[in-house]
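> got a predicted structure here, sequence first:
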Amino acid sequence: MEFQLLGPFAARHEGRQVLLGSRRQERCLLAVLLLHADRAVTTDRLIDLLWDGTPPASARATVHTYVGRLRAALRPYGVSVETRHDGYAVEGDGHVVDAREFTALVGQAADARDPVERVGHYDRALGLWRGPLLADVADDRLRARLGGSLAELRLSALEMRAEAQLSTGAHHRVVTDLAPLIEEHPTRERLVAARMTALYREGRQAEALQLYLDTRRVLVEELGIEPGAALRTLHERVLRADPRLDRPGPVYAVRVHDQWLPWSTSGHPALEFCNTYAGWGGDRLPGSEWLRDYATLAVWAGHLDLIEERQVTLLREEALRQPDDAALALDEARRFRTDLYACLTDPQDGRAFKAVAAGVEEAARLSVFTRGEDGLGRWQPSPSSGLRLPVRAVAHSAAELLADPRRFTVRGCPSRDCGWLFLDESGRRRWCSLATCGAKRTAG
């Protein structure tokens, strides 16, 4: 049996929801026992938690009644609530609790040496959260008493995932994912440091510096303290454009599974697709083509979260079985990339826009409307797209950008052997990356 506590309380058996407890307090009691992982919780402790220190005279009898009902409801599924001394415990064998699974995955992530593997563990761990702990059966006070350590571990996991993402070159995700988190937790210096680093690596030095100033103001005004030594040192390095802030590994490259991919600088997946080629408008140089084969295209689409990881595996297997079809799909992707680049760099290029529109319309005809983990609906390419799934996913992303006023902030890196595109929403960004093309021009 599976119990979900990281969000609204839910129980499932063989994929089907099981309704447990006719009263909120009854479900809350079961959740308390599950959170204590095979350790007994005394009746006095249960009474204190359920009634927040002001129990009625009948509280002990009510707890006994709740336990009896839960035993009867759980017995058919092989889960037992045992009496231990002056308390109760749920036997730990034979069922899964998402809170324990979350803790285990965070531990696996911390032990993993490969940053890509670490990100995967953190993604799975954080994906278990569907909302606040026991969102429908506990109030904020009880939630803090029961799950303060879990909430802190979740924040730590978010921080550690961001740092692992920086190691893989996925600073675009760090910039996007951490913005709302920092608004909610403006004094978490580790979150701020990760986003400052990510902004710097995207060539957004001024925004990184402003984030530091905003954080310092909050710390001084609300807590009466200055930023810690680590954040102050990072601020100084951003000011100096310290080369130690550059990501490790080859310039522009990140290793994902068995493929080298261009690292992200643009701020949008459709632009990242254009940036799988370097040297637009200049001489074709060795290594300018990143989409060397279909496997690279599939891995790239998964890395940018345009398709699911399981789909990457299936597509690579299908490409081995159907090499001719895979080659055609790769050619189509490269043609779409050329048209999209022309469309974005020259809004008056009617031919390029028509070509992109044709690809978008074809992708729309093979789309399904799904609901994501965040509860929001979205159009996605149908899995029936087969080997053309990556380019269909790119077409969806391109349509979103072309319908967004931000498309008028798209700029091209002026470096002749680059030409990569990026969003310049500040109006002050000059390079795809200050640490690479910007540094080369400064040195020259």
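Arrived safely, thanks for sending.
> what residue ranges in the chain score low on pLDDT?
Low-confidence segments of the chain (pLDDT under 70): 92, 113-114, 244, 246-255, 263, 281-287, 372-374, 416-417, 433-444.
> any idea how it splits into domains?
Per automatic domain parsing, the structural domains of the chain span 1-166, 169-241, 264-443.
> strands of the stretch 301-444 of the chain, start to end?
Residue ranges of the strands in the stretch 301-444 of the chain, as given by DSSP state E, counting those that start in this stretch, are 367-371, 377-381, 410-412, 421-423.
> in the top helix by length along the chain, which residues are buried?
For the chain, the helix with the greatest residue count under DSSP state H is helix 140-168. Residues 142-143, 146-147, 150, 153-155, 157-168 are the ones in helix 140-168 that count as buried (16 or more other Cβ atoms under 10 Å). The C-beta positions use only the backbone N, C-alpha and C, and glycine is treated the same way.
> now do stretch 269-283
For stretch 269-283, the neighbour count (16+ other Cβ under 10 Å) marks P269, A270, L271, E272, F273, C274, N275, T276, Y277, A278, G279, W280 as buried.
> one more: stretch 377-387?
Q380, P381, S385, G386, L387.
> which residue packs closest to the third one, ignoring adjacent ones?
Distances taken as Cβ to Cβ, 6 or more residues apart in numbering place R392 nearest to S385, at 4.6 Å, with adjacent residues excluded.
> surely the one you found is in contact with A363?
Yes. R392 is within contact range of A363, at 4.2 Å (criterion: Cβ atoms under 8 Å).
> now for the two: what residues contact both?
P381, S385 (Cβ atoms under 8 Å, 6 or more residues apart in numbering).
> more crowded one of the two?
R392 (29 against 26; other Cβ atoms under 10 Å).
> contact partners for that one?
E362, A363, L366, S367, P381, S382, S385.
> okay, strands next: where are they in the stretch 1-150 of the chain?
Going by DSSP E, counting those that start in this stretch, the stretch 1-150 of the chain shows strands at 2-4, 10-13, 16-17, 41-42, 81-84, 87-90, 96-97.
> of all the ones you listed, which one is nearest R430?
Among the strands of the stretch 1-150 of the chain, the nearest to R430 by Cβ to Cβ is strand 2-4 (48.2 Å).
> pull the residues that contact that closest one.
So strand 2-4 is contacted by 9-13, 30-31, 34, 95-98, 130 (Cβ under 8 Å, 6+ apart).
> what's near enough to touch L297?
With Cβ under 8 Å, 6+ apart, L297 has these contacts: L291, A329, L330, A333, P390, V391.
> repeat the analysis, applying 6 Å as the threshold.
Counting by Cβ atoms under 6 Å, 6 or more residues apart in numbering, L297 touches L291, L330, A333, P390.
> tabulate these (TSV), appending neighbour count and distance to S426.
Formatted as TSV, the entries for these read as follows, by neighbours: other Cβ atoms under 10 Å; distance: Cβ to Cβ, whole Å:
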residue	neighbour count	distance to S426
L291	19	30
L330	23	35
A333	24	31
P390	29	31
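> closest to T103 out of these?
For the contacts of L297, the nearest to T103 is P390 (34.9 Å; Cβ to Cβ).
> could you find the closest non-adjacent residue to the closest one?
Per Cβ to Cβ, 6+ apart, closest to P390 is A301, 3.9 Å.
> go ahead and confirm L330 touches Y294.
Yes. Assessed by Cβ atoms under 6 Å, L330 is found in contact with Y294 at 4.9 Å.
> quick check: the residue lying farthest from the centre of the chain vs R69, distance?
Distance from the centre of the chain peaks at A57, with 48.0 Å (Cα atoms, centre = their mean). A57 sits 20 Å away from R69, going by Cβ to Cβ, to the nearest Å.
> re the thing from before, need the max-distance pair from the buried residues of stretch 269-283.
Between all members of the buried residues of stretch 269-283, the farthest pair (by Cβ to Cβ) comes out as P269 and G279, at 20.9 Å.
> tell me, how many residues neighbour E101?
Around E101 there are 16 residues (other Cβ under 10 Å).
> kindly provide the distance from V238 to W379.
Distance from V238 to W379, by Cβ to Cβ: 38 Å.
> same check on L213?
Distance, L213 to W379, using Cβ to Cβ: 39 Å.
> and L213, how many neighbours?
10.
> ok so, going back, nearest to T43 among the contacts of L297?
Out of those, the member with the shortest distance to T43 (by Cβ to Cβ) is P390, at 57.7 Å.
> please name every helix or strand in contact with whatever helix or strand F273 lives in.
Following DSSP states H and E, one finds F273 within helix 269-274. Applying 3 or more Cβ pairs under 6 Å, 6 or more residues apart in numbering; DSSP states H and E, we find helix 269-274 packed against helix 323-345, helix 389-402.
> return the most buried member of those.
Greatest average neighbour count among the helices and strands packed on helix 269-274 goes to helix 389-402 (a mean of 24), per mean count of other Cβ atoms under 10 Å.
> for D258, phi and psi?
Per-residue torsions, D258: phi -110, psi 20 (degrees, to the nearest 10).
> how much space separates it from T197?
For D258, the distance to T197 - Cβ to Cβ - is 27 Å.
> try A170
Applying Cβ to Cβ to A170 and T197 gives a distance of 12 Å.
> neighbour-wise, which of those two wins?
The neighbour count for A170 versus T197, taken as other Cβ under 10 Å, is higher for A170 (27 against 22).
> and the more buried one, how far from T265?
A170 is 11 Å from T265, by Cβ to Cβ.
> do V368 as well
31 Å.
> who has more neighbours out of these two?
Ranked by neighbour count (other Cβ under 10 Å), V368 and T265 place T265 first, with 29 against 11.
> pretty sure that one is in contact with C432, am I right?
Yes. T265 is within contact range of C432, at 4.6 Å (criterion: Cβ under 6 Å).
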